[in-house]
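Fold the following for me, if possible:
(one chain, ligands or ions: 2)
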Amino acid sequence: MTLAELLDKDSLRFLLFGGKGGVGKTSNAAAAALWAAEHGREVLVLSTDPAHSLGDSFAQDLSGGEAVQIKGVKNLFGLEIDPRKAYAEYQQMAQQPEMEGMGEMGGMMGLGDLTDMTAPGADEALAFSKVLEYIQECEYDLVVFDTAPTGHTLRLLGLPEMLDSFFGKLIKFRLRMGNIFGRIKSAFGRGDSEQDNSLEQMEKLKENISAARIELSDPDRTRFVIVMIPEAMAVAETERLLQALYEFQIPSSHIITNMVFPEVPDCTFCKSRKEMQEKYLDQIREIYDDFTITEVPLFTHEVRGLPTLRRLGELLATGTLPELGE
Ligand SMILES: Nc1ncnc2c1ncn2[C@@H]1O[C@H](COP(=O)(O)OP(=O)(O)OP(=O)(O)O)[C@@H](O)[C@H]1O
Ligand SMILES: [Mg+2]
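Ligands and ions are numbered 1, 2, ... in the order given. From the prediction side, this is the model:
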């Protein structure tokens with residue numbers, strides 16, 4: 001299936017763009033989202049990279065915490081998720097009176113401090129669960145993810161597993177503690193009138209995570225597009241990324257080789273770079289022969305703003321780069 005066919009596929013709901021730092025994830029995610037929106041789909045483009053640049057790409061502020069319409073495009077909405085905000089929300093929940101004592105009790109039971117989510121990656125974990133919650137409540141035809149560079153995204157992809165077991169433990173523990181506290185309270189004549197919705201919130205989060213795992217592993221609904229540049233380091237990193245995608249059962253069938261040097265007559269520098277890239281392009285075609293590979297040339301300018309994103313989107317979707325000014 002070509003990238004064009006993939007973008008046109010009605011059942012596709014989640015399209016993730018990932019790869020090494022600086023290879024063009026944001027630009028390609030933005031361009032694909034724009035193309036889909038201008039071809040009749042209701043699209044949300046979402047950045048999960050804490051170092052956001054999606055807003056830059058559209059030359060518009062997307063950091064307000066709510067999806068906003070991309071100016072000048074009817075069906076396109078954008079949002080940069082803020083991990084710190086999601087983390088603050090979790091902390092608020094963990095600090096509710098009925099959660100008191102869970103830290104030490106968790107430690108005593110060998111589960112670790114259940115209210116401590118300061119472990120590396122925890123803020124991302126929470127941001128991710130926030131994303132899932134958000135997606136399930138929203139009515140978009142397609143959600144395009146602009147992910148962070150590989151290392152961070154790998155952690156993110158492993159999070160449903162991690163969170164599932166984390167919240168599983170938390171819920172079981174809370175239930176057990178709830179029974180004990182309940183008995184103590186009734187012995188002292190205090191009913192269960194105090195409001196307690198932390199358990200409900202955790203259950204909801206856990207359900208969202210399980211549902212997302214099913215969605216993200218369904219090849220009809222989800223695809224992870226790997227963006228890379230034809231250089232040695234990018235090839236090595238793609239291997240790592242692919243292994244993780246396989247492990248987390250996230251379908252991936254398309255690669256974008258970005259910033260491919262164009263033919264420039266009488267330029268020895270360009271010729272030498274092109275030869276270097278050709279060597280890696282051959283390697284990529286050979287190693288990933290079961291993937292659909294789309295080549296994107298190095299543009300003369302940065303890929304920013306609607307006109308350039310539109311050209312790139314057209315190239316991704318049709319395989320042909322429109323002439324400038326078209
Ligand atoms: N095909 C291209 N031709 C010319 N410039 C490009 C191309 N693709 C991307 N760029 C430019 O390269 C820079 C990096 O691109 P982009 O931000 O899309 O990469 P990224 O992978 O999202 O980076 P990060 O890992 O920092 O999030 C940007 O300035 C972008 O405009
Ligand atoms: Mg980016």
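
contacts, neighbours, all on C-alpha from now
Noted.

how about the residues of the stretch 1-150 of the chain that lie near ligand 1?
21-27, 148-149 (C-alpha under 6 Å from any ligand atom).

Can you report how many residues lie near Ser253?
18 (other C-alpha atoms under 10 Å).

Surely Asn28 is in a helix?
Yes: membership of Asn28 in a helix is supported by DSSP: H, G, I helix; E, B strand; the rest coil.

Next, the contact list for the nearest residue to Leu216 once chain neighbours are set aside, please.
Among residues not flanking Leu216 along the chain, Thr222 sits closest, at 5.5 Å (C-alpha to C-alpha, 6 or more residues apart in numbering). Thr222 makes contact with 12-16, 215-216, 250-251 under the criterion C-alpha atoms under 8 Å, 6 or more residues apart in numbering.

Just the pLDDT for Thr222.
Reported pLDDT at Thr222 in the predicted model: 92.

tell me the contacts of the closest residue in space to Asp61 that isn't next to it in sequence?
Distance criterion C-alpha to C-alpha, 6+ apart; nearest residue to Asp61, sequence neighbours excluded, is Gly55 at 5.2 Å. Residues near Gly55 by C-alpha under 8 Å, 6+ apart: 61-63, 80.

that's a helix at Gly55, yeah?
Yes: per three-state DSSP, Gly55 lies within a helix segment.

Need the pLDDT of it.
With respect to pLDDT, Gly55 has a value of 96.

how close does it sit to ligand 1?
10 Å (C-alpha to the nearest ligand atom, to the nearest Å).

Where does pLDDT dip in the stretch 51-200 of the chain?
83-130, 132-138, 151-168, 170-171, 174-199 (pLDDT under 70).

burial count for Leu324?
Neighbours of Leu324 using other C-alpha under 10 Å come to 8.

That one and ligand 1: what is the separation?
Counting by C-alpha to the nearest ligand atom, the gap from Leu324 to ligand 1 is 14 Å.
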